[in-house]
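Student: how would this look folded up:
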Amino acid sequence: MTLEKQPDAKAVLTGWKTLWLACLFSLAFYSTSSGQTLQLVRPSQTDPNITQFNNYHYIYLNTNVTARTQLFVFLPGTGGAPSGYQDVLKTAANLGFHSIGLMYDDPVTINSLCGDSTNANDYELARLAIINGGTNAFNDGGTPTSISITSTDSITNRLVKLLLYLSTNNPSQNWSQYLSSSTGLNWPQIIIAGHSQGAGHAGLIGKTQPVARSLMFADTDWWTPNGQLPGQPANWITSLGVTAPEYFFGFVHTNDPLILYPEEIATWNGYGLPQFGGPLLVESNSAPYLGSHEFTTGLTPQDGTNYHGATVVDSATPLAADGTPAYQPVWQFMMIGPPQLPQLQISLQTPNQIVVSFGTFTNCTYQVQTTTNLESSWMNGGSPVTGDGTTKISTFNLSGLAEFFRCTVQY
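Tutor: Below is the predicted model:
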């Protein structure tokens, strides 16, 4: 992949093997610090009309890191609650995101409702009922079935009401930036993520709303018309969406008994992810993972059995030697890795010197470049820097002319 970003903030994207990033947007990794806070809020506290599926929303924030002005929202899998996905929520908070684990109406799997339906569009109708509220009936292999979710219990209303609650009770934390007077939610500033059923909702939200990113852990809507195998991804997965394919990322265990590996690959193909590289085994690679958006793992789950939850469920995710989640680097990359671009922070050290700082990925090579004329060549400033996940600093003497700076990143 070759991507170069000029100081006018316009980018051109071609290929996929090598990535060059001109740095104008923030990218940095942060470890857990004492500034992290946790708030527990029941849905009924935000809207008295919500009376069921009332387990706590989990809200994490780290005030000791630079805020990203983006919201990370995670949707649990069928029958799950945010309490089971705290590690990924903490990871998002430590990266500077406002981080929410959202409780919603999730008692029945979508595949059990629609898998044998005579209409491939039923998956989309069922999910939209959960996302926005509504009633939809299906012909599931000859057996009539339906789903009915009130607008009050919908994912959208629960998130809007939670943000309103947090804005009122924590005005200094700036939760209101994720609300929009015209649509209710400021989707372009929201990363939507989820596991299993929640991953499918995240995918469809990304298709119907202009989200910052859609992160999907172990999901597919696999349609077998009238129960006839082998089946295919549901229609909405292969349809054109509002959010570009480059902002979708998927992660699955190769031994997942519920989301079969061949079906996940077909699903990722439907999203258009192969253009960024094929499936990548994360334990054999490291960030930036060759630019792939398709992540797989074969590691034994922490609990030894939950392969379906291994990629993101707290009790199942394997641990590294230092006790941190083994997949934390993968989560970080899915949240902020390419194609989002890093930012140069420039400050005046003396009247004749400036300091240029930028965040780095491990195993990337960074080169600061300068020019005094945007129509002329860029010159390397100093030696290349090997990234290690920390912030790097370079000092430059000023020439007395107007100078421009950028940073290329190669992997």
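Student: what residues go with each domain of the chain?
Tutor: The chain is divided into the following domains under automatic domain parsing: 33-336, 345-410.
Student: just those: most buried one?
Tutor: domain 33-336 (a mean of 19; mean count of other Cβ atoms under 10 Å). The C-beta positions use only the backbone N, C-alpha and C, and glycine is treated the same way.
Student: gap between it and the chain center?
Tutor: Mean C-alpha position of domain 33-336 versus that of the full chain (Cα atoms, centre = their mean, to the nearest Å) differs by 8 Å.
Student: name the nearest residue to residue 36, sequence neighbours excluded.
Tutor: Leaving aside its chain neighbours, residue 36 sits nearest to residue 62 (4.3 Å; criterion: Cβ to Cβ, 6 or more residues apart in numbering).
Student: my read: that neighbour touches residue 92, true?
Tutor: No - taking contacts as Cβ atoms under 8 Å, residue 62 lies outside contact range of residue 92: 9.2 Å.
Student: check contacts around residue 308.
Tutor: 77, 196, 218, 253, 256-259 (Cβ atoms under 8 Å, 6 or more residues apart in numbering).
Student: between the residues you listed, which is closest to residue 310?
Tutor: In terms of Cβ to Cβ, no member of the contacts of residue 308 lies closer to residue 310 than residue 253, at 4.7 Å.
Student: lowest average confidence, helix or strand, in this structure?
Tutor: Scoring the helices and strands of the chain by mean pLDDT, DSSP states H and E places strand 11-14 at the bottom, with a mean of 25.
Student: CA atoms only: put the next helix or strand after it into PDB for me.
Tutor: Later in the chain than strand 11-14, the nearest helix or strand by DSSP states H and E is strand 36-41. Below are the C-alpha coordinates for strand 36-41, written out as PDB (Å, rounded to 0.1, in the frame of the first residue of the first chain):
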ATOM      1  CA  GLN A  36      -8.500   5.900  34.100                       C
ATOM      2  CA  THR A  37     -12.000   6.100  35.500                       C
ATOM      3  CA  LEU A  38     -14.900   3.700  35.400                       C
ATOM      4  CA  GLN A  39     -18.600   4.800  35.600                       C
ATOM      5  CA  LEU A  40     -21.400   2.300  35.900                       C
ATOM      6  CA  VAL A  41     -24.800   3.500  34.700                       C
END
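Student: which other helices and strands does strand 36-41 contact?
Tutor: Strand 36-41 sits against strand 57-62, helix 86-94, helix 155-169, with contacts defined as 3 or more Cβ pairs under 8 Å, 6 or more residues apart in numbering; DSSP states H and E.
Student: kindly recompute the last result at 6 Å.
Tutor: When contacts are defined as 3 or more Cβ pairs under 6 Å, 6 or more residues apart in numbering; DSSP states H and E, strand 36-41 packs onto strand 57-62.
Student: the strand it packs on pairs with which strands?
Tutor: Note on strand 57-62: by DSSP bridges, its sheet partners are strand 36-41 (antiparallel), strand 98-101 (antiparallel).
Student: show residues contacting that strand.
Tutor: Contacting residues not belonging to strand 57-62 are listed as 35-39, 41, 82, 89-90, 93-94, 99-103, 162 [Cβ atoms under 6 Å, 6 or more residues apart in numbering].
Student: report the angle between the axes of it and helix 155-169?
Tutor: On the basis of axes from the mean of the first three to the mean of the last three Cα atoms, to 10 degrees, strand 57-62 is oriented at 50 degrees to helix 155-169.
Student: for strand 57-62, what is the average pLDDT?
Tutor: Rounded to a whole number, the mean pLDDT of strand 57-62 is 97.
Student: could you point out the helix or strand that follows it?
Tutor: Using DSSP H and E, the first helix or strand after strand 57-62 is strand 71-75.
Student: ok, residues contacting that following strand?
Tutor: In contact with strand 71-75 (Cβ under 6 Å, 6+ apart) are residues 85, 92, 97-102, 178, 190-194, 198, 201.
Student: can you map out the strands along the stretch 101-250 of the chain?
Tutor: 134-140, 143-149, 179-180, 184-185, 190-195, 213-217, 222-223, 232-233, 248-253 (DSSP state E, counting those that start in this stretch).
Student: how about a markdown table for the ones you listed, with mean pLDDT added?
Tutor: Converted to a markdown table, the strands of the stretch 101-250 of the chain look like this (pLDDT from 0 to 100):
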| stretch | mean pLDDT |
| --- | --- |
| strand 134-140 | 71 |
| strand 143-149 | 77 |
| strand 179-180 | 94 |
| strand 184-185 | 94 |
| strand 190-195 | 98 |
| strand 213-217 | 98 |
| strand 222-223 | 88 |
| strand 232-233 | 92 |
| strand 248-253 | 98 |
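Student: got CSV for those strands, with distance to residue 304 too?
Tutor: Shown next, in CSV, are the strands of the stretch 101-250 of the chain (distance: least, Cβ to Cβ, whole Å):
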stretch, distance to residue 304
strand 134-140, 34
strand 143-149, 34
strand 179-180, 43
strand 184-185, 39
strand 190-195, 19
strand 213-217, 19
strand 222-223, 26
strand 232-233, 31
strand 248-253, 13
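Student: nearest to residue 123, of those strands?
Tutor: Ranking these by proximity to residue 123 (Cβ to Cβ) places strand 222-223 first, at 6.7 Å.
Student: ok, and what's touching the closest one?
Tutor: 120, 231-232, 234, 263.
Student: as a check, name the ranges of all helices in the stretch 301-411 of the chain.
Tutor: 328-336 (DSSP state H, counting those that start in this stretch).
Student: can you list the low-confidence ranges for it?
Tutor: Confidence mapping of the stretch 301-411 of the chain against pLDDT under 70 gives the ranges 338-342, 361-364, 410-411.
Student: mind doing that once more with 80?
Tutor: Scanning the stretch 301-411 of the chain for pLDDT under 80 picks out the ranges 338-343, 360-365, 375, 387-389, 399-400, 408-411.
Student: for it, just list every one of the strands.
Tutor: Per DSSP E, counting those that start in this stretch, the stretch 301-411 of the chain carries strands over the ranges 345-350, 353-359, 365-371, 379-380, 385-386, 391-397, 404-410.
Student: and the contacts of strand 222-223 as TSV, adding distance to residue 389?
Tutor: Shown next, in TSV, are the contacts of strand 222-223 (distance: Cβ to Cβ, whole Å):
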residue	distance to residue 389
120	43
231	41
232	40
234	38
263	34
